[in-house]
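>>> Structure of the sequence below:
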Amino acid sequence: MQRDRDMSEPKVPYRNRRVPKWSETDAAQIVYTVRFVDYAMEAIEGWFRHVMRLDWYKMNTELDMGTPFVKIEMDIKSPLTPHDELETCVLVEQLGRSSLVFKVVGRRNGDEISFDSKFVCSMVQKSTMRSISIPQELRQKVEKYMAACASAHKTSDD
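Next up is the predicted model:
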C-alpha cells in the first residue's frame, strides 16, 4: 500500500531535510564520510517520489525498470554532527536518452555547503540489466521539472 502523497505540482527545486543520527557518526563525533552518499541517495529517492510520482520499489518490482548509478562524484566541504540540520537540494543537470545526471548539494543548517555532488544513473530493464530509453511519460516530468527549476533560478536572480 502506497502512502498518500501531495498531488499538487512539485515544488522546485526538490529539497530533502533531515537531522543526522548519533549512530551515523564516527569516533571523531562527526558524520561518517560514506553517509554523505547515503544522504544524497535518500534525496534522489525522494525526488523520484515527489517529481516522478514513482518510487524505486514499484519501479523495480512492478515495472521491471531500475536506475543503477554508474558514476558518483562528491566533494565534502564541511562536517556534519547530530546538532546540524541537513537540507539536500536535487537538480537535474542533464537528461539523456537513458540517463539522468543529478546535481545534489547538501547544506548544513540552511547555509554552509556540506557536500556538492553529481550522480549519474542509467534507466535499465531490470530483468536484463540493459539500458532502455526513459519512458516518454517520465521524460516529460523530468523536462517539466528542469524548466521549472530554470525558471525559479532566473526569477531568484532578478
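>>> can you tell me the average pLDDT over stretch 19-31?
Averaging pLDDT along stretch 19-31 yields 95.
>>> buried residues in that stretch?
For stretch 19-31, the neighbour count (16 or more other CB atoms under 10 Å) marks 20, 24-25, 30-31 as buried. Bear in mind the C-beta positions are built from the backbone N, C-alpha and C, glycine included.
>>> now swap in stretch 31-39 and tell me
Neighbour-count burial for stretch 31-39 [16+ other CB under 10 Å]: 31, 35-37, 39.
>>> rewinding a little: and of the buried residues of stretch 19-31, the nearest to Thr67?
Glu24 (24.3 Å; CB to CB).
>>> any idea how far the nearest residue to that closest one once chain neighbours are set aside lies from Arg108?
Leaving out its chain neighbours, the residue that sits closest to Glu24 by CB to CB, 6 or more residues apart in numbering is Arg35, at 4.9 Å. Separation of Arg35 from Arg108 (CB to CB, to the nearest Å) stands at 13 Å.
>>> the strands in the protein, which residues?
Counting by DSSP state E, the chain has strands at residues 14-18, 65-66, 69-76, 86-95, 99-108, 112-122, 124-125, 130-131.
>>> What pairs with the first one, parallel or antiparallel?
Each strand pairing with strand 14-18, determined using DSSP bridges, is listed with its direction: strand 86-95 (antiparallel).
>>> how close does the residue nearest the centre of the chain sit to Gly96?
Centroid-nearest residue in the chain: Ile44, 1.8 Å away (criterion: CA atoms, centre = their mean). Taking CB to CB as the measure, Ile44 falls 16 Å from Gly96.
>>> Okay, angle between the lengthiest helix in the chain and strand 14-18 too, please.
In the chain, assigned by DSSP state H, the helix with the most residues is helix 136-157. Between helix 136-157 and strand 14-18, the angle comes out at 80 degrees (axes from the mean of the first three to the mean of the last three CA atoms, to 10 degrees).
>>> The lowest-mean-pLDDT helix or strand in the chain packs against which elements?
Taking mean pLDDT, DSSP states H and E as the measure, the chain has helix 136-157 as its least confident helix or strand, at a mean of 88. The criterion is 3 or more CB pairs under 8 Å, 6 or more residues apart in numbering; DSSP states H and E, and the helices and strands that helix 136-157 contacts are strand 86-95.
>>> Pro20 versus the residue sitting furthest away from the middle of the chain, what's the distance?
Here the chain reaches farthest from its C-alpha mean at Ala27, the gap being 28.1 Å by CA atoms, centre = their mean. Ala27 sits 15 Å away from Pro20, taking CB to CB as the criterion.
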